[in-house]
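K.L.:
build the 3D model from these lines:
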Amino acid sequence: MGTFVIAEAGANHNRDFNQALKLIDVAKKSGADAVKFQTYSSETLYSKNTPDFAGHTNIPKLIKSIQIPREWQKSLKYYCDEKNIEFMSTPFDEKAVDELVSLGVKRLKIAGFESTDVRFLDMVASTKLPLIVSAGIGCSLDFIFKIKEICNNRGCTDLTILHCNNVYPTPQEDINLTTIKDIKAYYPSLKVGLSDHTMNTLTPSLAVALGAKVIEKHFTLSRNLPGPDHPFALEPEELEEMVKNIRLTEVSLGRKKEQYTNSELKEVKARRSIVAKTNIKKGDILTIDNITTKRPYLEGNIAASKWNDIVGTKSNSNYKPDDFI
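P.N.:
Got it, this is the predicted structure:
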């Protein structure tokens, strides 16, 4: 199976149902395997006593203005089913988990900021659905063991860990992609991927080259739209380019097991053979003075790679210059 690509729509629907449908269309056109929204409510996500931070005032009010209307979810999943793209949503509270399970989602996702909430991890793992967890801020290699332990105790056997930097956007020098290899080395039984918040289409391909099996990336219809998540998301053409690059990376990662690849077979003749440099009589010793190497290499010839085996042996025939030995 190839890399599972999740196009993260998040809150970029702007509470416009038709815009949500357009996001699904863009995800499908890009070649992504799934399109993901987020299911939360301001009441259960932030305390009403939350102070202003990160340049935002009245955080609960902001969240309320971008949260997905819960009544949309059934219709969005149905539309995804029609378009043959998997519907996903990240739950942020117990009710959201129940709603998504009732909708028949194939898997659940835990966001990076929630990855160290053992209470919530335990609750989501209890569904026993395949679980993808972004190892976000505060989630160390050691803590991944706790996530794995919680899932095992709950009978959740299909766990994927996404390396994740929870800065939006993530500076390129802080993405630290070799962490993917570290997670694979520490936990060889787990699937590993990347939840990427850098502002380019190359980073996911680099992650795939390092062994990522799942890629998640935010996208939008336009970075100029109002809302907190649009500025760091890919636009439609960029999302399509990202998926193409991932598929190209997959094709490029094969391991050469034979002497030639299929495409090289027609080029075998371009190699060199051992040929006579001067007139040679039967019984003469073959030396660097009377033989050399030249193209082409034809079936039945002695390949140039056998040079050391041939030098110093007796000629078994008469040869003229340029005759194949």
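
K.L.:
what pLDDT does the model give the nearest residue to Ala303 once chain neighbours are set aside?
P.N.:
In space, and not counting its chain neighbours, Ala303 is closest to Tyr297: 5.7 Å by C-beta to C-beta, 6 or more residues apart in numbering. The C-beta positions use only the backbone N, C-alpha and C, and glycine is treated the same way. Per-residue confidence (pLDDT) for Tyr297: 94.

K.L.:
ok, Tyr297 - how many residues close by?
P.N.:
20 (other C-beta atoms under 10 Å).

K.L.:
show me what contacts it?
P.N.:
For Tyr297, the contact set (C-beta atoms under 8 Å, 6 or more residues apart in numbering) comprises 268-273, 303-304.

K.L.:
ranking by neighbours, what's the top pick from those?
P.N.:
In these, the most neighbours by other C-beta under 10 Å go to Ser273, 19 neighbours.

K.L.:
picking up where we left off before, secondary structure element for the residue nearest to Ala303?
P.N.:
Tyr297 belongs to no helix or strand when assigned by DSSP states H and E.

K.L.:
cool, and Cys156?
P.N.:
Under the criterion DSSP H and E, no helix or strand holds Cys156.

K.L.:
now it: closest residue in space, sequence neighbours ignored.
P.N.:
Ala125 (4.2 Å).

K.L.:
separation between the one you found and Ile150?
P.N.:
Noted for Ala125: a distance of 6 Å to Ile150, by C-beta to C-beta, to the nearest Å.

K.L.:
got it, and Phe37?
P.N.:
Taken as C-beta to C-beta, the span from Phe37 to Ile150 is 25 Å.

K.L.:
could you do Arg295 as well?
P.N.:
In this view, Arg295 and Ile150 are 63 Å apart by C-beta to C-beta.

K.L.:
same question for Val133.
P.N.:
Distance from Val133 to Ile150, counting by C-beta to C-beta: 10 Å.

K.L.:
with Asn12 instead?
P.N.:
31 Å.

K.L.:
between the two, which one's more packed in?
P.N.:
Taking other C-beta under 10 Å, Asn12 and Ile150 do not tie; Asn12 has more neighbours (25 against 21).

K.L.:
so the more buried one is in which element?
P.N.:
Counting by DSSP H and E, Asn12 is part of no helix or strand.

K.L.:
can you report how many residues neighbour the closest residue to it other than its chain neighbours?
P.N.:
Closest residue to Asn12 apart from its sequence neighbours, by C-beta to C-beta, 6+ apart: Thr220 at 4.5 Å. Using other C-beta under 10 Å, Thr220 has 28 other residues around it.

K.L.:
is Thr220 in contact with His230, as I believe?
P.N.:
Yes. The criterion here is C-beta atoms under 8 Å, and Thr220 meets it with His230 at 4.6 Å.

K.L.:
overlap in contacts of these two?
P.N.:
Common neighbours of Thr220 and His230, using C-beta under 8 Å, 6+ apart, are Asn12.

K.L.:
strands of this structure, start to end?
P.N.:
4-10, 34-39, 86-91, 108-110, 131-135, 159-164, 191-196, 214-218, 273-276, 291-294 (DSSP state E).

K.L.:
how about the residue nearest to Asn12, what does it touch?
P.N.:
12, 23, 229-230, 233-235.

K.L.:
greatest separation within the residues you listed: which pair is it?
P.N.:
Pairwise distances across the contacts of Thr220 peak at 13.0 Å for Asp229 and Glu235 (criterion: C-beta to C-beta).

K.L.:
any idea how far the residue nearest to Ala303 is from Thr261?
P.N.:
Relative to Thr261, and taking C-beta to C-beta, Tyr297 is found at 17 Å.

K.L.:
ditto for Ser89
P.N.:
For Ser89, the distance to Thr261 - C-beta to C-beta - is 43 Å.

K.L.:
neighbour-wise, which of the two wins?
P.N.:
Counted by other C-beta under 10 Å, Ser89 and Thr261 do not tie: Ser89 has more neighbours, with 24 against 11.
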